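1. need coordinates for the below:
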Amino acid sequence: MHTLNIIRYSFSKNIIGPPVPQGAGLVEIEEVAQLNLGSHQRYSFVFLALLITHRERNPSLHSDTMATEGEPTDLIKVLHLLVLSFSWGMQVWVSFIAGFALVWQVTLHTFGLVQSKLFPVYFYCLLGSNFVSLAVYAVYHPRELLDWHESVQMVLYFVALIMAGLNAQWFGPAATEVMFEMREVEKEHGLGNQIGLGSQKEAYAKLKEQDPKYRAYKRTFGRYHGLSNLCNLIGFICTTVNLIYTALNLSTI
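-> Numbers count the residues shown, from 1 in each chain. This is a model prediction of the structure:
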C-alpha cells in the first residue's frame, strides 16, 4: 500500500505523469501510464515502482548497517596465519639462507642454473600466497570500516602482491634470460666453472673490459637483478610488518 501511495503521489504532482483520480487502483494507474505517458516516462514509472517495491521488501539495503565487519571463523584465522607465515618463511629462506649457502658450494654456472629453476617457483608461490592473504583480509575488513592501522595493512598486502607480480612476470624472467646470454660468453672464455665469488675476479674484469657485448649483458643483468632484489626486499618488509600486526592482535600465544 505504501508503494501505491508513492506512485499515486508522483502522478498527482505531475512528477511522472498527469494527475490520478482519488481512489484509483493499480490497474487504473497502469492504464494512465500506458495511455498518457511517453515511452521514457513509462520506463521511469516502471523503474520507480520496481525500485520502491524492492526497497520495501529489503529494508537492509538502505539501513545504516549495510557494511559490517564480519567475524572470521577459526578455520579462516588459521588459514590466514598459515599463508602469511608461509610467505614470510619462504622469503627468509630463499633471500637470506639458500642463496648464500649454495653459492659457496657449487660452480657459478651451476648456481645460476639452480636459481633459474628455483626463482619462478618462488615468485609464483609468493604471488599466490600474497593474493590469498589480501583476499582474506579484504573480505573481513570492508573499506567503509577500515581504521588507520587496517588501511596500512591493506596497502601493505597490496604492495606485496604487486612486488611479487613484477618479479614473476618481468624482472625475474628478464634477469634469467640475460644471465644465460652472459653464460655463453663466459663459457667461450673458460669462465664459470669455479666455485665461489672470489676466484678469477681479474679474468671477469678483463672480459668485461675487452668484450662490449659481455659488458652490455653485465649492465643489463645488473639492472634487472637489482630491480628484482628491490621488489623482493619491499615485499619482504610488507609481509614482515603485516605479520607483526597480526601477532600484536593475537589475544594469547
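2. so what does the top helix by length along the chain touch, helix or strand wise?
-> Assignment by DSSP state H gives helix 212-248 as the longest helix of the chain. When contacts are defined as 3 or more C-beta pairs under 8 Å, 6 or more residues apart in numbering; DSSP states H and E, helix 212-248 sits against helix 74-92, helix 108-139, helix 148-166, helix 172-188, helix 201-210. The way it works is simple: take the backbone N, C-alpha and C, and place the C-beta from them, glycine included.
3. the ones you listed into a markdown table, with extra columns for distance to G222, mean pLDDT and mean neighbour count?
-> Shown next, in a markdown table, are these (distance: least, C-beta to C-beta, whole Å; pLDDT from 0 to 100; neighbours: other C-beta atoms under 10 Å):
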| stretch | distance to G222 | mean pLDDT | mean neighbour count |
| --- | --- | --- | --- |
| helix 74-92 | 22 | 96 | 16 |
| helix 108-139 | 14 | 96 | 18 |
| helix 148-166 | 17 | 96 | 18 |
| helix 172-188 | 9 | 95 | 17 |
| helix 201-210 | 11 | 89 | 13 |
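4. nearest to R223, out of the ones you listed?
-> helix 172-188 (8.7 Å; C-beta to C-beta).
5. now the angle from the closest one to helix 212-248?
-> 140 degrees (axes from the mean of the first three to the mean of the last three C-alpha atoms, to 10 degrees).
6. can you start the count at 37 instead of 1 from here on
-> Fine by me, first position is 37 from now on; the one you just mentioned is helix 208-224.
7. what's helix 208-224 in contact with?
-> 145, 148, 151-152, 155-156, 159, 228, 240, 243, 247, 249-250, 253-254, 256-257, 260-261, 264 (C-beta atoms under 8 Å, 6 or more residues apart in numbering).
8. make it 7 Å
-> 145, 148, 152, 155-156, 159, 228, 247, 249-250, 253-254, 256-257, 260-261, 264 (C-beta atoms under 7 Å, 6 or more residues apart in numbering).
9. how far does that helix sit from the chain's center?
-> The chain centre lies 31 Å from the centre of helix 208-224; the measure is C-alpha atoms, centre = their mean, to the nearest Å.
10. same check on stretch 115-124?
-> Distance, centroid of stretch 115-124 to centroid of chain: 16 Å (C-alpha atoms, centre = their mean).
11. and the pLDDT at D183?
-> For D183, the pLDDT comes out at 86.
12. how about it, phi and psi?
-> phi -90, psi -170 (degrees, to the nearest 10).
13. and what of I231?
-> phi -100, psi 130.
14. that one contacts T143, correct?
-> Yes: contact criterion C-beta atoms under 7 Å: I231 and T143 qualify, at 5.6 Å.
15. can you give me the buried ones in the longest helix of the chain?
-> Of all the residues in helix 248-284, those buried under the rule 16 or more other C-beta atoms under 10 Å are 250, 253-254, 256-257, 260-261, 263-264, 267-268, 270-272, 274-276, 278-279, 282.
16. do stretch 131-145 as well
-> Counting neighbours by 16+ other C-beta under 10 Å, stretch 131-145 gives S131, V139, L144, H145 as buried.
17. how much space is there between the second one and I112?
-> Looking back up the chat, that one is V139. Using C-beta to C-beta, to the nearest Å, V139 is found at 40 Å from I112.
18. one more: the first one?
-> In this structure, S131 and I112 are separated by 28 Å, where distance is defined by C-beta to C-beta.
19. domain map for the chain?
-> Annotated domains of the chain cover 38-98, 110-284 [automatic domain parsing].
20. which ones are touching L197?
-> N166, F167, L170.
21. distance to A200 added to those, as CSV?
-> Shown next, in CSV, are these (distance: C-beta to C-beta, whole Å):
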residue, distance to A200
N166, 5
F167, 8
L170, 11
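22. nearest to P178 among these?
-> Of the contacts of L197, the one sitting nearest to P178 (C-beta to C-beta) turns out to be L170, at 14.1 Å.
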